[in-house]
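Participant: I would like to see how this sequence folds:
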Amino acid sequence: MEKGYLAFILHAHLPFVRHPEHESFLEESWFYEGVIETYIPLIIMLNRLLEDKVDFKITLSLSPTLLAMFEDELLNIRLEKKIKSLIELSEKEIWRNKDNSHLAPLARMYNEIYCEFLKIYSDRYHHRLINAFKEFDRTANIELITCGATHGYLPLVELYPQAARAQIEVAVNSYKNIFGHIPKGIWLPECGYYPGLDSILKDAGIRYFILDTHGILFGEPRPRFGVYNPYLCKSGVAVFGRDVESSKAVWSAVEGYPGDFNYREFYRDIGYDLDYDYIKGYLNGDGTRIATGIKYHKITGKGDYKEYYNPQIARETANNHAGNFVFNRVKQIEYLHREVGRKPIVVAPYDAELFGHWWFEGIEWLGCVIRKTAADQNVFKLTTPAEYLSFYQDYQVISPALSSWGWKGYSEVWLDGSNDWIYSHLHKIAERLIGFANKFPRATGDLEKALNHLARELLLAQSSDWPFMMKTNACADYATQRVKDHIYAFNKLYSMIEGNNIDQRWLNKRIAQYNLFPSIDYRIYQNKL
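Facilitator: Numbers count the residues shown, from 1 in each chain. A predicted model of the protein is given here:
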């Protein structure tokens, strides 16, 4: 009999970026890179586990904005074009490097990868990767959960409970429309929690959520089992805490596996290395050099000097690291089992795009961990949070602490001098929408359509991605422009509604561009009785 459990939780999220007004748009590449480098490889890996009848469990959090992009026809057309472009480029690279004993095999590797991806994307899933996740949802091995509607950072929405409730309920409704049932759990955006938020989760039908370590450890009363057991909030919703030890092995830039010198170097790419005239047809539409995804070097060391990548050695390294990870979990869970007095759960949550995108071998590593867990030991099994909750009847009741993950762990990333200016605007437009929702409780026709779109603009403006980018100075100009654009559009439409003079042509154009949440209902912002 196993002595404990390990729960992998992968959080899959991207902000909603869709620009039909441009033939090619730089920030749309986030979606194409995510699909090609993380989501298709992840789908392949999970399907192989299912085909091989491996005993495993894993939890995937799919944000509503990412699901909306998976379903969007325009983005799917552009995604197929991107994959075909990479096939063409890899074929050119095979020819260019035909006499290079190091690079020719790598060029062939990329060509084989992209050809396989196109076949899976077009033939198996008919240009709708959402179908893969629907299949996973019907298995007992993979538990799908949701996130905030637009990944809005909820501790900074607390002033307006209706706005926090909308982020949750729009997400749950979106999930239900796709998968046909309410999700059991939720990944709170940025693991951001404030006391009382769990009551909103309960009202939406959510059974559990995930917090960073200190959100549990600083709860009241003191949690009896640390982060190695779930707890119940006073609302009855369960909360799980992140295990630092298993997380550090993957996250840490210094101690983590992804920094091994045998792994592929993320920052060297032929989009930057090759002659501009040769590569320009595969760059951004405006000619800006960008990463193509074809990378020929390994990390090698801390300096600028980089040696050529060897896939076989990288796979062996990933296999060794997987063995090390399983060994460490065995020892950890054996110790915890003795100390805790019940079978502990080690919760290992990660951003999904760490695997494949940032860490090329990450999905190979994850697959190896899952297989080794099933075949090489009997100390622990993989589980999901919902399954673990069924193992025991008695869980301690605590009040979790206000917390987030990220730098310092108390909202510092999403509220500092680089981005604090946005919140007075976000609070004001939330207040305005709440006012309209109560003023027009039974709107129909054009007014209802306009009010529903007001809700869309507010949700999009609230995305935690925008202040994160401002804080880290990564695509900060685009993030600033998006926040200002949604606030401006909200206020323009608000004035139209207030003056009973709605410009239908302008409104239809906005709805066509930001076409997510087609069944959204502005009444979700009404005061709750």
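
Participant: Now do the buried residues in stretch 303-312.
Facilitator: By neighbour count on 16 or more other CB atoms under 10 Å, the buried set for stretch 303-312 is K306, Y309, N310, P311. For every residue, glycine as well, the C-beta is placed using N, CA and C.

Participant: typo on my end, it should be stretch 106-115
Facilitator: L106, A107, Y110, N111, I113, Y114, C115.

Participant: what's that stretch in contact with?
Facilitator: Contact partners of stretch 106-115, identified using CB atoms under 8 Å, 6 or more residues apart in numbering, comprise 36, 83, 86-87, 90-91, 93-94, 96-97, 293-294, 296, 308-309, 311.

Participant: Report the buried members of those residues.
Facilitator: 36, 83, 86-87, 90-91, 93-94, 97, 293-294, 296, 309, 311.

Participant: Please dump the residues you listed into CSV; it should also carry distance to L217 and pLDDT for every row.
Facilitator: Formatted as CSV, these follow (distance: CB to CB, whole Å; pLDDT from 0 to 100):
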residue, distance to L217, pLDDT
I36, 39, 98
I83, 45, 98
L86, 45, 98
I87, 49, 98
S90, 48, 98
E91, 54, 98
E93, 50, 98
I94, 53, 98
N97, 53, 98
G293, 40, 97
I294, 44, 98
Y296, 44, 98
Y309, 41, 98
P311, 41, 98
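
Participant: helices or strands next to the helix or strand hosting L336 in the packing?
Facilitator: Secondary structure from DSSP states H and E places L336 in helix 311-340. Counting contacts by 3 or more CB pairs under 8 Å, 6 or more residues apart in numbering; DSSP states H and E, helix 311-340 is packed against strand 4-12, helix 244-251, strand 345-351, helix 362-375, strand 380-382.

Participant: Next secondary structure after the last one?
Facilitator: Counting by DSSP H and E, the element after strand 380-382 in chain order, helix or strand, is helix 385-389.

Participant: go on, the second one?
Facilitator: The helix or strand immediately downstream of helix 244-251 is helix 270-273, counting by DSSP H and E.

Participant: now do the first one
Facilitator: Beyond strand 4-12 in the direction of the C-terminus, DSSP H and E gives the next helix or strand as helix 29-34.

Participant: For stretch 92-103, which outside residues touch it?
Facilitator: Contacts for stretch 92-103 (CB under 8 Å, 6+ apart): A104, L106, A107, R108, Y110, N111, I270, I294, Y296, Y308.

Participant: which of the residues you listed lies closest to E2?
Facilitator: Using CB to CB, Y110 is the member of those that lies nearest E2, at 40.3 Å.

Participant: gap between that closest one and L42?
Facilitator: Y110 sits 18 Å away from L42, going by CB to CB, to the nearest Å.

Participant: Assess the claim that G409 and D212 are in contact.
Facilitator: Yes - the pair G409 / D212 is scored as a contact, 6.1 Å apart, by CB atoms under 8 Å.

Participant: Please convert the buried ones among the contacts of stretch 106-115 to a markdown table, extending it with secondary structure.
Facilitator: Formatted as a markdown table, those follow (DSSP: H, G, I helix; E, B strand; the rest coil):
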| residue | secondary structure |
| --- | --- |
| I36 | helix |
| I83 | helix |
| L86 | helix |
| I87 | helix |
| S90 | helix |
| E91 | helix |
| E93 | helix |
| I94 | helix |
| N97 | coil |
| G293 | coil |
| I294 | coil |
| Y296 | coil |
| Y309 | coil |
| P311 | helix |
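
Participant: in which helix or strand would I find L60?
Facilitator: Assigned by DSSP H and E, L60 falls in strand 58-62.

Participant: picking up where we left off before, distance to G341 for the buried residues of stretch 303-312 - can I get that in CSV?
Facilitator: Listed next are the buried residues of stretch 303-312 as CSV, based on distance: CB to CB, whole Å:
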residue, distance to G341
K306, 50
Y309, 47
N310, 47
P311, 46
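
Participant: Nearest to Y5, out of those residues: which one, please.
Facilitator: When the buried residues of stretch 303-312 are compared against Y5 (criterion: CB to CB), the nearest one is P311, at 32.9 Å.

Participant: ok, that closest one - contacts?
Facilitator: Applying CB under 8 Å, 6+ apart, we find P311 in contact with L106, M109.

Participant: Look up how far A164 lies from it.
Facilitator: Taken as CB to CB, the span from P311 to A164 is 46 Å.

Participant: try Y228
Facilitator: Distance from Y228 to A164, by CB to CB: 29 Å.

Participant: Equivalent analysis for H486, please.
Facilitator: Taking CB to CB, one finds H486 at 18 Å from A164.

Participant: and S246, how many residues sit next to it?
Facilitator: Around S246 there are 21 other residues, counting by other CB atoms under 10 Å.

Participant: which residues touch it?
Facilitator: Contact analysis of S246 by CB under 8 Å, 6+ apart lists L6, F325, N328, R329, Q332, V346, A348.

Participant: 6 Å - rerun?
Facilitator: S246 makes contact with V346, A348, according to CB atoms under 6 Å, 6 or more residues apart in numbering.

Participant: same thing with the one 10 residues further on?
Facilitator: If a contact means CB under 6 Å, 6+ apart, then G256 has A249, V250 as its contacts.

Participant: Skipping its backbone neighbours, what lies nearest S399 in space?
Facilitator: E220 (5.1 Å; CB to CB, 6 or more residues apart in numbering).

Participant: Neighbours of the one you found, how many?
Facilitator: Neighbours around E220, by other CB under 10 Å: 10.

Participant: got it, and T472?
Facilitator: Residues lying near T472 (other CB under 10 Å) number 13.

Participant: cool, and the one 4 residues further on?
Facilitator: For A476, the count of nearby residues is 17 (other CB under 10 Å).

Participant: Confirm for me that it is in contact with M470.
Facilitator: Yes - using CB atoms under 6 Å, A476 and M470 qualify as a contacting pair, with a distance of 4.9 Å.

Participant: so how far is the lowest-mean-pLDDT helix or strand in the chain off the chain centroid?
Facilitator: Lowest mean confidence among the helices and strands of the chain (mean pLDDT, DSSP states H and E): helix 244-251, at a mean of 92. Distance, stretch centre to chain centre, for helix 244-251: 18 Å (CA atoms, centre = their mean, to the nearest Å).

Participant: Please renumber the chain so that the first residue is 483 from this point on.
Facilitator: Sure, I'll start numbering at 483, so the last one becomes helix 726-733.
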